[in-house]
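[1] Structure here, sequence nowhere to be found:
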(Lines give C-alpha, C1' and ligand atoms only; values in the text may rest on other atoms or scores of the structure.)
Protein backbone atom coordinates (compact mmCIF):
# COMPACT_ATOMS: atom_id res chain seq x y z
CA UNK A 1 0.00 0.00 0.00
CA UNK A 2 2.84 2.40 0.85
CA UNK A 3 4.72 1.66 -2.37
CA UNK A 4 1.53 2.03 -4.44
CA UNK A 5 0.79 5.38 -2.80
CA UNK A 6 4.30 6.64 -3.56
CA UNK A 7 4.11 5.30 -7.12
CA UNK A 8 0.82 7.17 -7.57
CA UNK A 9 2.57 10.43 -6.69
CA UNK A 10 1.31 10.89 -3.12
CA UNK A 11 3.60 13.55 -1.67
CA UNK A 12 5.65 12.27 1.27
CA UNK A 13 9.00 13.28 2.70
CA UNK A 14 9.32 10.28 5.00
CA UNK A 15 7.71 6.98 6.00
CA UNK A 16 7.44 5.45 9.48
CA UNK A 17 6.21 1.99 10.39
CA UNK A 18 5.99 -0.51 13.20
CA UNK A 19 7.62 -3.94 13.24
CA UNK A 20 5.03 -5.44 10.90
CA UNK A 21 6.36 -3.12 8.19
CA UNK A 22 9.97 -3.15 9.41
CA UNK A 23 10.23 -6.93 9.14
CA UNK A 24 9.14 -6.75 5.49
CA UNK A 25 12.36 -6.84 3.42
CA UNK A 26 10.53 -5.92 0.22
CA UNK A 27 9.23 -2.68 1.71
CA UNK A 28 12.63 -1.72 3.09
CA UNK A 29 14.25 -2.43 -0.29
CA UNK A 30 11.62 -0.37 -2.11
CA UNK A 31 12.14 2.57 0.25
CA UNK A 32 15.93 2.40 -0.07
CA UNK A 33 15.65 2.97 -3.82
CA UNK A 34 13.68 6.21 -3.34
CA UNK A 35 14.74 9.69 -2.29
CA UNK A 36 12.65 9.46 0.89
CA UNK A 37 13.51 9.22 4.56
CA UNK A 38 12.18 6.31 6.55
CA UNK A 39 12.28 4.71 9.96
CA UNK A 40 10.90 1.22 10.51
CA UNK A 41 10.83 -0.71 13.77
CA UNK A 42 11.82 -4.37 13.67
CA UNK A 43 10.87 -7.29 15.90
CA UNK A 44 13.30 -8.40 18.59
CA UNK A 45 13.99 -11.59 16.63
CA UNK A 46 14.72 -9.75 13.36
CA UNK A 47 18.16 -10.74 12.04
CA UNK A 48 20.60 -7.90 11.49
CA UNK A 49 23.74 -8.37 9.43
CA UNK A 50 26.84 -6.70 10.87
CA UNK A 51 30.54 -6.92 9.98
CA UNK A 52 30.84 -9.42 12.87
CA UNK A 53 28.05 -11.65 11.56
CA UNK A 54 24.28 -12.05 11.72
CA UNK A 55 22.53 -11.40 15.05
CA UNK A 56 18.99 -11.03 16.34
CA UNK A 57 18.13 -7.41 17.14
CA UNK A 58 17.57 -8.24 20.83
CA UNK A 59 21.12 -9.64 21.09
CA UNK A 60 22.59 -6.43 19.69
CA UNK A 61 20.49 -4.23 21.96
CA UNK A 62 21.61 -6.26 24.97
CA UNK A 63 25.23 -5.39 24.17
CA UNK A 64 24.64 -1.63 24.29
CA UNK A 65 25.72 -0.21 27.65
CA UNK A 66 22.85 1.02 29.82
CA UNK A 67 24.45 4.49 29.95
CA UNK A 68 24.11 4.76 26.15
CA UNK A 69 20.31 4.85 26.42
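    Cool, got the structure. Small disclaimer: the values here were computed from a predicted structure and weren't measured. Numbering: from 1, shown residues only.
[2] which SS class is residue 29?
    Under DSSP: H, G, I helix; E, B strand; the rest coil, residue 29 falls in the helix class.
[3] what's the spacing between it and residue 68?
    The gap separating residue 29 from residue 68 is 29 Å, by C-beta to C-beta, to the nearest Å. Just so you know, the C-beta spots here come from the backbone N, C-alpha and C atoms, and that holds for glycine as well.
[4] Equivalent analysis for residue 57, please.
    15 Å.
[5] between the two, which one's more packed in?
    residue 57 (18 against 6; other C-beta atoms under 10 Å).
[6] That one touches residue 50, doesn't it?
    No: counting by C-beta atoms under 8 Å, residue 57 stays clear of residue 50, with 10.9 Å between them.
[7] Quick check: the gap between the residue nearest the centre of the chain and residue 1.
    Taking C-alpha atoms, centre = their mean as the criterion, residue 40 is the residue nearest the geometric centre of the chain, at 3.7 Å. Applying C-beta to C-beta, the value for residue 40 to residue 1 is 14 Å.
[8] Next: residue 59.
    32 Å.
[9] buried residues in stretch 23-38?
    For stretch 23-38, the buried set under the neighbour-count rule, 16 or more other C-beta atoms under 10 Å, comprises 23, 27, 30, 31, 38.
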